[in-house]
Each structure stands twice: as structure tokens, then as C-alpha cells.
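Participant: Sharing a model prediction with you, sequence too.
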Amino acid sequence: MKLRTAALLTVALLFVGLVPSASAQSDPSRWAQAIDAFDADAPNRPQGAIVLTGSSSFARWRTMEADLEPLTVVPRGFGGSTMADVLHYVDRLVKPYAPRAVVIYEGDNDTFYGVDPMTIAGQAKQVVAKIHAASPDTRVYLLSVKPSLARVNAWDKAQETTALYKKIAASDDRLFFIDVATPFLNADGTVMDDVFVDDGLHLNDKGNMIWAKAIKNVLMQHEAQFEMPKASGQ
């Protein structure tokens, strides 16, 4: 029932124009103000840290820095963005921080808007290529697309996109895959119904705890060693 209600809500929002159309989401200039704000804030952020960029699951994660301690991170999530948006702005999202690692969460909005998984994966490869052109040793982490009550109709495409991300990550030892989908699924494969706010899409406090743990567990395996000098006061 909850899945059906969420699907009907999505249709209703599309009808009244509250959900961006595919044509609207293809214009990266809608994020110009947000990117300008990142540029202005860049001098206040550390060099050589971990940049996390992507859509609202990052942008609304207000406790990101505390949740990922002792890792040093730079939050760079922007609203309802897509992989095409990250590709358009990747130089401004990444280069100013000379990060040792970049974490990307996209595909959620893309698949909802009907973008083909192969297109999303191709854009992801271009993003990685741009990052490595500027900084060959930077590690890049691709997150799976998380499930949600609101976007059950796009879940098949989301899973296709995730499978392609895994292949990309397996192609280069500087790339890593983080599964943030499985932790939100019940044993029978259905989506947990107590991890979202009322829109059935964005995470509540419980959801963010699960989300943070899944991401931190992988990052700590590879990135914790670079925080040791800071942690020991050296």
C-alpha cells in the first residue's frame, strides 16, 4: 500500500509541475548559484581531504562531517542534481580542494527522470576521467543508488545503474564501490519503511545513521591511514 501511495503521489506531483521534467533537469545552469556558493567557500575548506558530491542525499546530510569523523570531508552535495550536473561542474566541485578522494552519489534523480543507465554510467566514466586528468592518484568512490518508497517505479533502472557502477569501479584500482542499497532493504527485498521523512525519498535520522555507517565503513578501510598524523597530533 505504501509503495502504491508513493507512486500515485509522484504522478500527482508531475501533473502539477512540482517534480522537474526530464527537459528541466538537463539544464545544469539551474545550479549556478549553488556552485558559486561553493566557490566562495572553497578557501575555508581543507586541502587533501575527501570531497563528497552528489544529489540531495548528500546535500541534506547535515551531520556528514560529524558522522564521518575522524575522516576530513568537504560536503559538496547540491539538491536534485544528476550525474550530468556533476560532469558539467566537476572541475569546480573537485579541483579547488586537491582532494585525496572523491565520493559521488548520483543516479537517484537520473533514473527517476528516465535517463538510460548506460548514459548515466558513461557520464560517470567522464567524471572519473576528468578527476584523474587533474589528479591521477585521487581515489574515487561510486555509491549505489539507494532504494526509496517514493521511487519504486524507477528501482529496476536504479539497479541497472548500480550494476554498471560496480563494473566501472572494478576496472581501476583507484576506484571503489559502496553499497548503500542493501542496508535499506528488508530480508524479503522490500524497502524499509521507517528510514524516510514524509516524502518517502529523503532519509530521516535513522536512515542517515544507516547511510553514514555504510559509507564510513568503506572509507575507513582506505582513507583512515591518511588521518593518522592529524589524530596523533603530529
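Facilitator: Perfect, thanks for sending it. Residues are numbered from 1 along each chain as shown.
Participant: What is the least confident helix or strand in the chain?
Facilitator: Scoring the helices and strands of the chain by mean pLDDT, DSSP states H and E places helix 2-16 at the bottom, with a mean of 39.
Participant: Sketch out the low-pLDDT regions of the chain for me.
Facilitator: Along the chain, segments meeting pLDDT under 70 span 1-26, 228-234.
Participant: All the strands of the chain, in order from the start?
Facilitator: Listed from the start of the chain, the chain has strands (DSSP state E) covering 50-54, 73-77, 101-105, 139-143, 175-178.
Participant: Columns mean neighbour count and distance to residue 200 on top of those, output as CSV?
Facilitator: Quick note: C-beta positions are derived from backbone N, CA and C, even for glycine. Rendered in CSV, the data for these read as follows (neighbours: other CB atoms under 10 Å; distance: least, CB to CB, whole Å):
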stretch, mean neighbour count, distance to residue 200
strand 50-54, 25, 19
strand 73-77, 22, 19
strand 101-105, 26, 18
strand 139-143, 23, 20
strand 175-178, 18, 23
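Participant: Adding distance to residue 166, write those out as TSV.
Facilitator: Below are the strands of the chain laid out as TSV (distance: least, CB to CB, whole Å):
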stretch	distance to residue 166
strand 50-54	17
strand 73-77	22
strand 101-105	14
strand 139-143	8
strand 175-178	5
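Participant: To residue 33, which of those lies closest?
Facilitator: Residue 33 lies closest to strand 73-77 among those, at 14.3 Å (CB to CB).
Participant: Compare the strands of the chain and give me the one nearest residue 60.
Facilitator: Closest among these, using CB to CB: strand 73-77, at 7.5 Å.
Participant: Sweet, I'm off.
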